[in-house]
Every structure is written in C-alpha cells, then in structure tokens.
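1. A structural model of the following input is requested.
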Amino acid sequence: MNKRLLTAALAEMIATGAMAQSTVVSTTGTGHAAAVQIEPEDRTKIRTHVTEHKVRPVETREKIVVGQRVPREVELEAVPTDWGPSLTKYRYVYSGERVMLVDPSTRTVVSRLIPPAAVC
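-> Numbers count the residues shown, from 1 in each chain. Model prediction:
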C-alpha cells in the first residue's frame, strides 16, 4: 500500500514538473504509471483550443484530479484530432482551469494537461 502511494505521489510530482518536457507521466488510479506522450506543439494546440473556443469549465462538488473518476453528470468532450493521434482515444474535461485527459471507458483522469496559470 505504501509503495502504491509513493508511486502515485512520485508520478504526480513528475507530471506537475513536466511542462517543459514532452512526456507527462501520470497515474491511472490503479497505482500503475502510464505515459501519455504530449509534444510541446500539441500543448500549444490544446491551450489555443481552450482559449479560442472559450471552453467553459465544469463545476463539481469534488475537485477533479488525476487517478480519480469523473462524476457521471460531467459531460466529457471529444479530443479534437489536431491535438495529436495519441490523444484522440481519450476525452477531456476542463475544470478548475485545468484540462484533464480522461479514459472514456473508465471515466478515470489519466493526465492533467494544462496547469492553472497556463490558460489565459
């Protein structure tokens, strides 16, 4: 159990500090790390999409975080194809000024794509 918590904490720290890197490491909620390849130009496309389309953030009682399931009442958005082929199998949700990548089969957040200060 402690090993799982340590792995999850380490993966979250890596994901948080990985904005300048091209790979984000996040947890899937099962304690296993999953690598989601996000190239810098794809990050730019995501930021542009959120700002240009004025994507409205969803509001929930609980904070939406990596490794947790998104509540059923929250509508998941389709990932645009220009975000990159490796991301189109996911859905996304914009919450708390963060874009969260979600596995649609489990509704589990697999990655946080944009930190709070990145969206203007």
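2. I'd say Ile36 and Ser86 touch.
-> I think there's a mix-up here, since residue 36 is Val and not Ile. Yes: using CB atoms under 8 Å, Val36 is in contact with Ser86, at 7.3 Å. The C-beta positions use only the backbone N, C-alpha and C, and glycine is treated the same way.
3. just for the protein, where's the confidence low?
-> For the chain, residues meeting the criterion pLDDT under 70 lie at 1-35, 37, 114-120.
4. how does it look with 50?
-> 2, 5-6, 8-11, 13-33, 116-120 (pLDDT under 50).
5. can you pull out the strands in it?
-> Along the chain, counting by DSSP state E, strands occupy 23-27, 33-37, 77-78, 91-95, 98-103, 108-112.
6. With just CA atoms, put the fifth one into CSV.
-> This means strand 98-103. This file holds the C-alpha atoms of strand 98-103, laid out as CSV (Å, rounded to 0.1, in the frame of the first residue of the first chain):
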residue,chain,number,x,y,z
ARG,A,98,-7.1,22.6,-16.0
VAL,A,99,-7.6,20.4,-19.0
MET,A,100,-7.8,16.8,-17.8
LEU,A,101,-7.4,13.9,-20.1
VAL,A,102,-10.0,11.1,-19.3
ASP,A,103,-10.2,7.5,-20.3
